[in-house]
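Asker: Predicted model, plus sequence, below.
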Amino acid sequence: MAAAEGGSSARDQQNTKKSSAKETGVDVWPSGEAHDHMTFCVFGASGDLAKKKIYPSLLALFYEGRLPKSFSVFGYARSKMTSEEFRERIRMSLGCRIDAKENCDEFMEEFLKRCEYVHGNYDEGADFEKLDQEMLKTEEGKKAMRVFYLSIPPSIFVPVAQMSSRYVQSKTGETRVIVEKPFGRDLESSRALTKALAAELSEKQTYRIDHYLGKELIENLTVLRFSNIMFQPLWNRNYIRNVQINFSENFGTEGRGGYFDNYGIIRDIMQNHLLQIMALFAMEEPASLDAEDIRDEKVKVIRSIRDIDIDNVVLGQYKGKTSGSNVFPAYLDDETVPKGSNCATFAAIALFIDNARWDGVPFLMKAGKALHKRGCEIRIQFRHAPGNIYADKKSKPISRGGGGTAGDSSNAQCNELVIRIQPDEAIYLKINNKVPGLGHKMDRSILDLTYKSKYSVGELPDAYERLILDVIHGDKRLFIRNDELEAAWKLFTPLLETIESENIPPELYPYGSRGPIGAHYLASRWNVRWGDTN
Ligand SMILES: NC(=O)C1=CN([C@@H]2O[C@H](COP(=O)(O)OP(=O)(O)OC[C@H]3O[C@@H](n4cnc5c(N)ncnc54)[C@H](OP(=O)(O)O)[C@@H]3O)[C@@H](O)[C@H]2O)C=CC1
Ligand SMILES: O=C1O[C@H](COP(=O)(O)O)[C@@H](O)[C@H](O)[C@H]1O
């Protein structure tokens, strides 16, 4: 994988000395492309994602010397504002993870100097021509790569792709386009979107972003699996009893109810983020780290997932709660949500992969909004040690008066590996261990790799930082290929059709709770206990 290898070595060689913002940046493009300028354009520049994620990530990359020496950032949207007003608006959203760093102000000012704004409609050729003219001015005749970020509602993905491909493609270098989710809302609409975009952009140019793939622990999943011999023999049905992939947020859809009601939690989180995690977890070892080899394996395993049976699904929706003087609204209290909506804000699903490695192993996914905490993790529960001489024997205490064994439930004696994706990134393994001393008391201990204790790297880069950098490097490992998308929709569309055609009512759960009780019944049906309830 020339691009990626070049990319990482170039990253490692970055000069991190923060003497001057003017000096920062890479001269030679990491993937070896012959460009000498990058123009990065955000369509939907006045929006929420641009403000929250894209500008802060670009600034962080600039600060770390990851951007090319010569670059410009364009914002494009319908809102009328001057470039100066745009810069002021960006300034308000910057800071975040770099504000405590050395010379931050200097970097911010230097970054803002490279930002320009053009306003126009999303379907007017003349407006895009104007954008092209402004870009050319900042490119000063250099060989320019152009990166377009479609940070806009999906309803206008196609016109913007059309206009940008007709009027603002780079004439001197490559053009790459980042497309945000949602990529459709079912198989049919996703195919239509893919077809319409393919008429304007080649697959090579298209970067479908799933920001979960840019998270540190997700990048590490393949490292953990394929570079540690101890995990390799264990990673299958012979040793793993079940796998749980849990996502929770401790806030509701506040402010996004209108968007959310058209999608629901299965489309918003499971069809993309959690399924991608499951694919990386369960796929066979790729032939290499090349993007196509990895994505080939992901598609294969997604295609091996058994059709989802509605009996293996629990749906929930949060209801309001009052706690002292705090009032937490119900999903249906949001004025942008249609009255009486049955949209699920929580789902739990049992999935099965019909292949030799995973035959019979339940993969339980759980995702919910307005739960008791925010987090995302993978839990791997291993089988019991066969014939375990230390297994619980309540009526037969061990000699030397130590009393106690490894616990009184079979779960307590099983090893569990937890990959905590967020917050507080960690990998830890629960093992049975003898409590030191003369007795024979055992307990469950943890081999703990908590990132913030182990690594002194400070705050980890945001997922968007990593993914934007990968686009600049032309590294597609962490982006969704069209056949992966197709396989994901093939899996979830029949389920979504059943839920919607039968208007299945969700089970209500209180805001801030652990979700509906039904999720526990689902787990026990497969002889599983949710690990995150311990
Ligand atoms: N916000 C988030 O946290 C996340 C967002 N996404 C996805 O990223 C994309 C951008 O998200 P976000 O920034 O929240 O979106 P916004 O709703 O904030 O829209 C972005 C911009 O697009 C323009 N716009 C909005 N609605 C319309 C419309 N109906 N027709 C034409 N233009 C419109 C507006 O700019 P103007 O009027 O100035 O042209 C707006 O500022 C979406 O596809 C979203 O699904 C994905 C993950 C998380
Ligand atoms: O894609 C989405 O992700 C966010 C959660 O992202 P995180 O990185 O903050 O965990 C979620 O809130 C949103 O509903 C969804 O569209």
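Answerer: Right, received. Where do you want to start? Residues are numbered from 1 along each chain as shown. Ligands and ions are numbered 1, 2, ... in the order given.
Asker: Check residue 397 and give its pLDDT.
Answerer: Reading off the per-residue confidence, residue 397 sits at a pLDDT of 42.
Asker: now the helix or strand encompassing residue 429, how far from the centre of its chain.
Answerer: When elements are defined using DSSP states H and E, residue 429 is found to belong to strand 426-434. Taking the mean C-alpha point of strand 426-434 and that of its whole chain, the gap between them comes to 26 Å (CA atoms, centre = their mean, to the nearest Å).
Asker: Pull out the buried positions in it.
Answerer: Buried residues in strand 426-434, counting neighbours by 16 or more other CB atoms under 10 Å, are found at 426, 427, 430, 432. Quick note: C-beta positions are derived from backbone N, CA and C, even for glycine.
Asker: do the same with stretch 505-518
Answerer: Neighbour-count burial for stretch 505-518 flags 506, 508, 509, 510, 511, 512, 513, 514, 515, 516, 518 (criterion: 16+ other CB under 10 Å).
Asker: what's the answer for stretch 436-456, then?
Answerer: Applying a neighbour-count criterion of 16+ other CB under 10 Å, one finds 440, 441, 442, 444, 449, 451 buried in stretch 436-456.
Asker: Also stretch 191-202?
Answerer: Applying a neighbour-count criterion of 16+ other CB under 10 Å, the buried positions in stretch 191-202 are 193, 194, 197, 200, 201.
Asker: Name the strands paired with the strand holding residue 429 and say parallel or antiparallel.
Answerer: For strand 426-434, the pairing partners within the sheet under DSSP bridges are strand 416-422 (antiparallel), strand 442-450 (antiparallel).
Asker: CA atoms only for the first one - export them in CSV, please.
Answerer: Looking back up the chat, that one is strand 416-422. As requested, the backbone C-alpha atoms of strand 416-422 are provided in CSV (Å, rounded to 0.1, in the frame of the first residue of the first chain):
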residue,chain,number,x,y,z
GLU,A,416,-13.7,-11.1,29.3
LEU,A,417,-11.7,-8.8,27.0
VAL,A,418,-13.0,-5.3,26.8
ILE,A,419,-12.0,-2.8,24.1
ARG,A,420,-13.3,0.5,25.3
ILE,A,421,-13.5,2.8,22.3
GLN,A,422,-14.7,5.9,24.2
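Asker: Quick check: the gap between the closest residue in space to residue 68 that isn't next to it in sequence and residue 176.
Answerer: Across the structure, with CB to CB, 6 or more residues apart in numbering as the measure, the residue nearest residue 68 apart from its sequence neighbours is residue 38 (4.8 Å). When CB to CB, to the nearest Å is applied, the distance between residue 38 and residue 176 equals 10 Å.
Asker: end-to-end on stretch 247-255?
Answerer: By CA to CA, to the nearest Å, the extent of stretch 247-255 from end to end equals 20 Å.
Asker: Numbering from 147 from now on, please.
Answerer: Okay, using 147 as the starting number, the last item reads as stretch 393-401.
Asker: Could you pull up the mean pLDDT of that stretch?
Answerer: Per-region confidence: stretch 393-401 scores 93 on mean pLDDT.
Asker: in it, what counts as buried?
Answerer: The neighbour-count check on stretch 393-401 (16+ other CB under 10 Å) flags 393, 394, 395, 398, 399 as buried.
Asker: what's the answer for stretch 222-241, then?
Answerer: Applying a neighbour-count criterion of 16+ other CB under 10 Å, one finds 222, 223, 227, 232, 233, 235, 236, 240 buried in stretch 222-241.
Asker: Please work out the average pLDDT along that stretch.
Answerer: Here stretch 222-241 scores 93 as its mean pLDDT.
Asker: My reading is that residue 464 lies in a strand. Confirm?
Answerer: Yes. According to DSSP: H, G, I helix; E, B strand; the rest coil, the state of residue 464 is that of a strand.
Asker: Name the nearest residue to it, ignoring sequence neighbours.
Answerer: Distance criterion CB to CB, 6+ apart; nearest residue to residue 464, sequence neighbours excluded, is residue 516 at 3.9 Å.
Asker: mind listing what the residue nearest to residue 214 touches?
Answerer: Under the criterion of CB atoms under 8 Å, 6 or more residues apart in numbering, the contact list for residue 184 reads 213, 214, 216, 217, 218, 290, 291, 292, 293, 618.
Asker: So which bits of the helix or strand hosting it are buried?
Answerer: With elements taken from DSSP H and E, the one containing residue 184 is strand 183-189. The neighbour-count criterion (16+ other CB under 10 Å) identifies 183, 184, 185, 186, 187, 188, 189 as the buried residues of strand 183-189.
Asker: Dump these to CSV, plus pLDDT and distance to ligand 2.
Answerer: Formatted as CSV, those follow (pLDDT from 0 to 100; distance: CB to the nearest ligand atom, whole Å):
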residue, pLDDT, distance to ligand 2
183, 95, 31
184, 96, 25
185, 98, 27
186, 98, 21
187, 98, 22
188, 98, 18
189, 98, 18
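Asker: would CSV of those residues with distance to residue 605 be doable?
Answerer: Converted to CSV, those look like this (distance: CB to CB, whole Å):
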residue, distance to residue 605
183, 30
184, 25
185, 29
186, 23
187, 27
188, 23
189, 29
